[in-house]
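In: everything below, folded, please.
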Amino acid sequence: NLDDPINKYLPDSIPAIAYNEKPVTLASLSNHSSGLPRLPANFWQGADFQNPYKHYDDQRLFSFLKNYQMTREAGTEYEYSNLAVGLLAVILERVSGKPYEQLLREIIWQPLKMKSTRIALTSADSAKFATGHNNTAAHVHSWEFVSLAGAGAIRSSVEDLMLYAKAQMENGNSP
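Out: You can find the predicted model right below:
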């Protein structure tokens, strides 16, 4: 249920994530109104600045949540949060017992025939993967995700993105 408190799906060692007894819910994670920060405070500890998500695992995430104190009620204002959408993916994994990539493949990519969309790249995929660049046009490393994959781990082709957009428009949704 979108109105479920997220603690329902987290380890019991994590105290209620709430402010004034109003809990963070699945809905507030998905619409960026959870009140959680953009990134967890312990995110950069030991991080490789070229590939910052690679080191961040569920153990670090749960350690952060165990000690985090909310500063406002969930649902009261919009604030973009990689932590929130990444945590939503972690919760989906915990509930389903499946890796996030498998869930996406089964629920979205296969039904839409998106054959070039994935999180983990094979060597054949890597050969087709566009190299990123920074603001000085220097090559930058792609980011790999251990936890928080919901914050941007998906890699796709233009063709697959068009399949997704078309499906959204045909269902009366905006892409």
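
In: other residues contacting the longest helix that the chain contains?
Out: Determined from DSSP state H, the single longest helix within the chain is helix 82-96. Residues outside helix 82-96 that contact it (Cβ atoms under 8 Å, 6 or more residues apart in numbering): 6, 9-10, 26, 28-30, 32, 34, 36-40, 58, 61, 65, 99-100, 103, 145, 147-152. Where C-beta positions appear, they are placed from N, C-alpha and C, glycine not excepted.

In: over to stretch 46-54?
Out: With Cβ under 8 Å, 6+ apart as the criterion, stretch 46-54 contacts 43-44, 55-56, 140-148, 151, 153.

In: how far out from the middle of the chain is that stretch?
Out: 16 Å (Cα atoms, centre = their mean, to the nearest Å).

In: name the residues of that stretch that are buried.
Out: Of the residues in stretch 46-54, 52-53 count as buried by neighbour count, 16 or more other Cβ atoms under 10 Å.

In: I14: which of the contacts of stretch 46-54 is nearest?
Out: Using Cβ to Cβ, S147 comes nearest to I14 of these, at 14.3 Å.

In: for this protein, which helix or strand comes out least confident on mean pLDDT?
Out: helix 123-128 (a mean of 83; mean pLDDT, DSSP states H and E).
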